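Structural data only, the sequence is not supplied:
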């Protein structure tokens, strides 16, 4: 596996031939409203090298892709018979109850548990994660160096963007379809003018300050 985005996968399979491996990433940690979303993607050692240079050749860290390209790759990943995938969410209420780090870990666990059967190991973007149902390897900037994690980042990002469009239909005054619930100037102005909606994370400072609350 000489592909530059298969270095971590190749190293794992060299020590664990035939084991089922997944990539995991999240989207929405820094947002002011809505859930944090995790994606999990598993592709076998037999299929991944070919897919990396054919159908998945355009895959990259989701932040480096245009929205149109992310959507197209999401459709490809979720429809491909050789790819197993799942998304896991932790709601705004769970974020407020648990804190954003623990809620992110919960979303990652739920994403992995959506893969049936569970993979043997996971490559996770960022730092080590507590509470995952299988062993994992944490990789800082993994979404830019692992194809499985990059695929998972696309699942997480597109899933969350679509949820933001749904939230925009429910709460149109905040511009969620455009700002994806990040703290843009127009979002903060609407928050000050209207107060938080039920999907705002009240433990986040810009939201709690509006109501004079400190969590």
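It's in. This structure is a prediction, so every number in the text was calculated from the model and none was measured.

in this structure, which helix has the most residues?
Assignment by DSSP state H gives helix 147-170 as the longest helix of the chain.

could you give the mean pLDDT of that helix?
The average pLDDT for helix 147-170 rounds to 98.

Which neighbouring elements make contact with the helix or strand just after that helix?
Later in the chain than helix 147-170, the nearest helix or strand by DSSP states H and E is helix 176-179. Under the contact criterion of 3 or more CB pairs under 8 Å, 6 or more residues apart in numbering; DSSP states H and E, helix 176-179 touches helix 147-170, helix 185-194. Using the backbone N, CA and C atoms, a C-beta is placed for each residue, glycine as well.

centre of the chain versus the least confident helix or strand in the chain by mean pLDDT, how much separation?
Within the chain, no helix or strand scores below helix 205-210, which has a mean of 87 by mean pLDDT, DSSP states H and E. What separates the centre of helix 205-210 from the centre of its chain is 25 Å, taken as CA atoms, centre = their mean, to the nearest Å.

Start the count at 8 instead of 1 going forward.
Noted, 8 is the first residue going forward, which turns the last one into helix 212-217.

Provide a list of residues in contact with residue 39.
188-190, 194, 198, 207-208, 211, 213-214 (CB atoms under 8 Å, 6 or more residues apart in numbering).

let's see it at 7 Å
188-190, 194, 207-208, 211, 213-214 (CB atoms under 7 Å, 6 or more residues apart in numbering).

With adjacent residues omitted, what lies nearest to it?
Excluding its sequence neighbours, the residue lying closest to residue 39 (CB to CB, 6 or more residues apart in numbering) is residue 190, at 5.1 Å.

Tell me if I'm right that that neighbour and residue 213 touch.
Yes. If you go by CB atoms under 7 Å, residue 190 and residue 213 touch, sitting 5.5 Å apart.

What is the helix or strand residue 95 falls within packed up against?
For residue 95, the host element (DSSP H and E) is strand 90-97. Where contact means 3 or more CB pairs under 7 Å, 6 or more residues apart in numbering; DSSP states H and E, strand 90-97 is packed against strand 43-50, helix 74-86, helix 107-120, helix 154-177.

Quick one: name whatever helix or strand follows it.
helix 99-105.

Many thanks, I have nothing further to ask.
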